[in-house]
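Q: Sequence below, structure please.
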Amino acid sequence: MDEIDIEYFKKVDLRVGYVKHAERIPGSKKLLRLVVDLGSEERQIVAGLAEWYTPDQLVGKYVVVVANLKPKKIMGYESKGMILATCDEG
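A: A predicted model of the protein is given here:
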């Protein structure tokens with residue numbers, strides 16, 4: 001894995017957002033469409049979390065978002081960020 005220096009890392013815009021809405025994306029086993037409130041704006045984010053969380057489990061939660069990624073269309077939905085997540089497998 002390539003290492004980056006602190007100046008490169010400083011370019012990453014990490015923000016805490018509040019999940020206002022979540023729904024499964026039809027035809028996908030892994031993807032959810034989230035509406036996340038970042039304080040200054042709301043963003044639609046497509047996240048591969050459906051194998052671990054139901055939409056109801058995410059609504060009302062706070063998540064860490066990479067906010068300065070270029071938007072990307074995923075299964076017909078424009079995603080404007082990335083959710084950072086982890087899991088605990090014991």
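Q: Please verify my assumption that L49 contacts T86.
A: No - checked against CB atoms under 8 Å, the pair L49 and T86 is beyond contact range at 11.4 Å. The C-beta positions use only the backbone N, C-alpha and C, and glycine is treated the same way.
Q: who's more crowded, those two?
A: L49 (19 against 5; other CB atoms under 10 Å).
Q: which residues does that one contact?
A: Applying CB atoms under 8 Å, 6 or more residues apart in numbering to L49 gives the contacts K30, L32, L58, I83, A85.
Q: Quick check, the first one in contact with Y53.
A: In other words, K30. No - using CB under 8 Å, K30 is not in contact with Y53; the gap is 11.1 Å.
Q: So which of these two has more stuff around it?
A: Y53 (15 against 12).
Q: what's the pLDDT at E89?
A: Looking at E89, its pLDDT reads 68.
Q: could you point out the longest strand in this protein?
A: Criterion DSSP state E: the longest strand present in the chain is strand 14-24.
Q: Distance from the helix or strand following that one to the middle of the chain?
A: Reading on from strand 14-24 to the C-terminus, the next helix or strand found by DSSP states H and E is strand 32-37. Relative to the centre of its chain, strand 32-37 is centred 7 Å away, using CA atoms, centre = their mean, to the nearest Å.
Q: Can you list the strands that the following helix or strand past strand 32-37 pairs with?
A: The element immediately downstream of strand 32-37 (helix or strand, assigned by DSSP H and E) is strand 42-47. The pairing partners recorded for strand 42-47 under DSSP bridges are strand 32-37 (antiparallel).
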